[in-house]
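J.: sequence and computational prediction follow.
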Amino acid sequence: MRNDSVAFLGIGLMGRPMTANLLANGFPMSLWNRTRAKAERFESQARIAETPAEAVRDADVVITMLENGDVVEAVLMDDAVLAALKPGAVVVDMSSIPPAMARAHSQRLNELGLPYVDAPVSGGTVGAEKAVLSIMAGGDASVLDRLGPILGCLGTVTRVGPVGAGQVAKLANQAIVGITIGAVSEALLLAERAGADPSAVRQALMGGFAGSRILELHGQRMLDRNFEPGAPARIQHKDLTMILDEARDCGLDLPLSASTLEAYRRLLEAGHGDLDHSSLLLELERRNS
């Protein structure tokens, strides 16, 4: 598929480095973003489309990396976009959306004879820039094999089941991420208030059983008070909401996810939704002020 053309819809925090990696690997691309200026940085390397329908026309693979399910629904399921999709084109949604929505999109596209894969990612902007994203894919194995050369330029692909399973895996990922950010916030605040050096405590914990990427990366963000967004808090809030919605449909009670969602809700109410999700520390500090 090295010569296949790729339409990429959504040139945001994640879409920008992903697009750069695909272009660096020689894929011909057409790009669309609601704010055109974000796509124009690639105008010497790719075609910049005025509309999503224009972007997908003649593309062999269509990738969406949009903010939430409502946006994906509005863009991908638009009649003009559906009509413009090339026969046989593969649609890959790498956004984070509800699993039921992914299944509905797959059904609609399958009715048009088009294969669909849900392939949300983990790894943040750093993982996107380094092309080491963890890609959790739901869909037919043969379709994923066909997509290998493209998705392999972005990270490591793991097929986790049929369509919709990729989104379920992303929810599981975000439950761990959100809850662990809360745990790291509490640990570092406890260290500070109890008279220990939070930086030294973090370093000590890194070598023990509590060590994690979140303690390593987001713990350092908290120490540095650097909350420039890699993944905005509002997105973490959205993902935790989806986690609890899916849990409810499964008859599950997930108290840790519920309490973490409530903390993010208060963080957003304080006006910090566009800060990095590690800024949950600010809500904990406010609560203990």
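T.: Arrived safely.

J.: buried set for the longest helix anywhere in the chain?
T.: Longest helix of the chain, by residue count under DSSP state H: helix 165-193. Within helix 165-193, the residues scored as buried using 16 or more other CB atoms under 10 Å are 165-171, 173-175, 177-185, 187-189, 191. Just so you know, the C-beta spots here come from the backbone N, C-alpha and C atoms, and that holds for glycine as well.

J.: and it, how far out from the chain middle?
T.: Computed by CA atoms, centre = their mean, to the nearest Å, the chain-centroid distance of helix 165-193 equals 15 Å.

J.: immediately after that helix, which helix or strand?
T.: From helix 165-193 onward toward the C-terminus, using DSSP states H and E, the following helix or strand is helix 198-206.

J.: that following helix vs helix 165-193, what angle?
T.: 130 degrees (axes from the mean of the first three to the mean of the last three CA atoms, to 10 degrees).

J.: packing partners of helix 198-206?
T.: Helices and strands touching helix 198-206, by 3 or more CB pairs under 8 Å, 6 or more residues apart in numbering; DSSP states H and E, are helix 165-193, helix 219-224.

J.: how many residues are close by residue 148?
T.: By other CB atoms under 10 Å, 11 other residues sit near residue 148.

J.: can you list contacts of stretch 280-289?
T.: Stretch 280-289 has contacts (CB atoms under 8 Å, 6 or more residues apart in numbering) with 181-182, 185-186, 188-189, 193, 222, 227, 233, 263-264, 266-267, 270, 272, 275.

J.: averaged pLDDT, it. What do you get?
T.: In this model, stretch 280-289 carries a mean pLDDT of 97.

J.: check stretch 165-178 too.
T.: 97.

J.: in CSV, could you pull the C-alpha coordinates for that stretch?
T.: Below are the C-alpha coordinates for stretch 165-178, written out as CSV (Å, rounded to 0.1, in the frame of the first residue of the first chain):
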residue,chain,number,x,y,z
ALA,A,165,-13.2,-3.5,20.2
GLY,A,166,-10.6,-0.8,19.5
GLN,A,167,-12.7,1.8,21.2
VAL,A,168,-13.3,-0.5,24.1
ALA,A,169,-9.6,-1.0,24.5
LYS,A,170,-9.1,2.8,24.4
LEU,A,171,-11.7,3.2,27.2
ALA,A,172,-9.7,0.7,29.3
ASN,A,173,-6.6,2.6,28.5
GLN,A,174,-8.2,5.9,29.6
ALA,A,175,-9.5,4.4,32.8
ILE,A,176,-6.0,3.5,33.8
VAL,A,177,-4.6,6.8,32.6
GLY,A,178,-7.2,9.0,34.4
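
J.: contact partners of it?
T.: With contact meaning CB under 8 Å, 6+ apart, stretch 165-178 is reached by 96-99, 101-102, 117-122, 134, 136-139, 158, 160-161, 214, 236, 239-240, 242-243, 246, 254, 256-257, 260-261, 264, 277.

J.: just the buried ones from the residues you listed?
T.: Using 16+ other CB under 10 Å, the buried ones in the contacts of stretch 165-178 are 96-99, 101-102, 117-122, 134, 136-139, 160, 214, 236, 239-240, 242-243, 246, 254, 257, 260-261, 264, 277.

J.: give me the subset of those residues lying in helices.
T.: Per DSSP H, these map to helices at 99, 101-102, 236, 239-240, 242-243, 246, 257, 260-261, 264.

J.: from the chain's centre, how far out does the helix or strand in which residue 39 is found sit?
T.: According to DSSP H and E, residue 39 maps onto helix 36-40. Relative to its chain's centre, helix 36-40 lies at 20 Å (CA atoms, centre = their mean).

J.: parallel or antiparallel, list what pairs with whichever helix or strand comes after that helix.
T.: Using DSSP H and E, the helix or strand that follows helix 36-40 towards the C-terminus is strand 47-48. Sheet pairing of strand 47-48 (DSSP bridges) gives strand 29-32 (parallel).
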